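**Student:** Need the 3D shape of this:
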Amino acid sequence: MVQVKNRQLLRLLLLIGLSAAFRLLNLGRDSLWLDEAISYLTAELPLAQIANNTVQSSHPPLYYLLLHFWLPIVPDSDTAVKLLSTLFGILLIPAIYLLGQQLFHNHTVSLTAAALTAVSPFHILYSHELRMYTLLMLLVVLATAVSLQARQKESRGWWLVAGSLFLLAVYTHLFAFLALAGIGLHALLTYRHNKRAFWATALMTAVILFCFIPWLRLMLAEAQPALGSLRPLQQATALNPLKPLTTPVFLLFSMSSSFWYSGLILFTFLAYLAVFVMELRKLGRQQIPSGLWLTLLIIGCVLGLPMSVYLVRPFFLPDRTLAAAAPFLILWLAWGITRRQSPLPYLTGLALLLMLVGTVGYHLGPLVKPPYRDATAYLIENAQPGDVVLHTSDGSYLPALRYAPQLTQGVLAGDPDPRKPDDVYAALDGQVWSMAELEVLANGRFWLIVALEHSVEWQQAQVKAITTSHILLDEQEIGGIHIFLLEQAN
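**Tutor:** Numbers count the residues shown, from 1 in each chain. From the prediction side, this is the model:
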């Protein structure tokens, strides 16, 4: 597809090596959190239950299926199980180089995009996460590159490969459809110049939609959509008017608690955006490269369509769910290298430097996620035979099912913001208990685990009621996770 000279190949290999070093370093440092525990527990289910969406995940099953086959061949450690996401993250470096070449036919732009991806804190963070986001980005990048090759060669074989990759992408994450929409829009806008590409793209999209019907039917058939796959759309949230600005910054630089770093990355992004708009005006519509148009259209579809809905009716839209746009934001930044007579190359270099600083800060900084592994280890070490463990939130409960399945554990019933139906917990070998049921199960004493990451007021009220009506034997706090040992009052 793309010819790579020896010098460029050496540089690309060095970037892949740097990428691997940054992604393998501290891979198992953080515990699995709620969503990662869902990935792990789902992957341990039989294949039929994964395919039938027994856990009512809002994401299609491909990543869970791959993880299902990954878990038996690696040690049962956080480092080993997360390595699957890490491998996809490393493969993204040559993939984004390949796409850069297809879009811009410029080795400097392609290598810059690979370098930005290699050191991006966002890409490194999600290469450390037991979720589908690195797989999503890899598949979307490869599918886009192959679709461009198919347009150029006018080959049915290339279109078949592109369609297969996009089908895998949409079975990884629903928002892959938005990237496909960007490609379709580009084909429509260039219809007069390449009619065959438009009709091939339309046919590919129709086949992908047809092949996605089984999963769509599963999602729509759920009896409790407010608790299952459709929960994000059902869950109203407060409007954040800055979200259209902060989301692309997050997808490039991730997040930081440092005020000065946050200010610098925001300034860099806004400065690049302002200068970029001026450069587009200088070029004029006819001189804007086709590859840049495609990049902007995919960014616009992946970010713009959900944001438009969000601004009209705010719903649960974590920035990470828009990860399909992240590689194209990188390519957009990398294109600035070509504008030699403007500040864009300097701003691209500044972005690269800030990404490197953010990545070093991530590796040297504190834990990013709550230490559920350490809290569960404390329970295992101190629990006596017959003890039961009650969690006020699934935020601590599902990770505990991964780390200590041998303990008798349950999550407290009555959460005003339940995230899964009771039968989902049952499928994961979990239980939902009322206090009356706990009193029957407990043999005199029990453990109470409190992780205040949602339904905070409700959890605090339950903790107050439980601790005042029982005898407190011990209390510990591990990284913000509160652990109480209580005894039933006579």
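**Student:** For the stretch 201-350 of the chain, give me the ranges with low pLDDT.
**Tutor:** For the stretch 201-350 of the chain, applying pLDDT under 70 flags the ranges 223.
**Student:** make it 80
**Tutor:** For the stretch 201-350 of the chain, applying pLDDT under 80 flags the ranges 222-236, 256-257, 284-286.
**Student:** isn't residue 38 right up against residue 398?
**Tutor:** Yes - with contacts counted by CB atoms under 8 Å, residue 38 reaches residue 398, the gap being 6.2 Å. All C-beta atoms are positioned from the backbone trio N, CA, C, and that covers glycine.
**Student:** Contacts only, for residue 268.
**Tutor:** 347, 350-351, 354 (CB atoms under 8 Å, 6 or more residues apart in numbering).
**Student:** ok, it to residue 64 distance?
**Tutor:** Note on residue 268: its distance to residue 64, by CB to CB, to the nearest Å, is 37 Å.
**Student:** In stretch 54-73, which of the residues would be classed as buried?
**Tutor:** Neighbour counts over stretch 54-73 (16 or more other CB atoms under 10 Å) mark 54-68, 70-71 as buried.
**Student:** same thing with stretch 17-30?
**Tutor:** Here stretch 17-30 shows 19-20, 22-23, 26-28, 30 as buried, counting by 16+ other CB under 10 Å.
**Student:** what does stretch 379-388 give?
**Tutor:** Of the residues in stretch 379-388, 379, 383, 387-388 count as buried by neighbour count, 16+ other CB under 10 Å.
**Student:** Please narrow the residues you listed to those residing in strands.
**Tutor:** Judged by DSSP state E, the subset of the buried residues of stretch 379-388 located in strands is residue 388.
**Student:** Just send the buried residues of stretch 379-388 back as JSON lines, with distance to residue 405 too.
**Tutor:** Shown next, in JSON lines, are those (distance: CB to CB, whole Å):
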{"residue": "379", "distance to residue 405": "12"}
{"residue": "383", "distance to residue 405": "13"}
{"residue": "387", "distance to residue 405": "15"}
{"residue": "388", "distance to residue 405": "14"}
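**Student:** Out of the buried residues of stretch 379-388, which comes closest to residue 257?
**Tutor:** Set against residue 257, the nearest of those by CB to CB is residue 379 (28.8 Å).
**Student:** Now for the closest one: which residues touch it?
**Tutor:** 389, 400, 404, 407, 447, 449, 483.
**Student:** Inside helices: which ones of the residues you listed?
**Tutor:** The members of the contacts of residue 379 that map onto helices under DSSP state H are residue 400.
**Student:** Just give me the closest of the contacts of residue 379 to residue 85.
**Tutor:** Closest to residue 85, out of all of the contacts of residue 379 and judged by CB to CB, is residue 400, at 21.7 Å.
**Student:** Just the element for the residue nearest to that closest one when sequence neighbours are not counted, please.
**Tutor:** In this structure, residue 400 finds its nearest non-sequential neighbour in residue 376, 5.0 Å apart by CB to CB, 6 or more residues apart in numbering. Element membership of residue 376 [criterion: DSSP states H and E] is helix 372-382.
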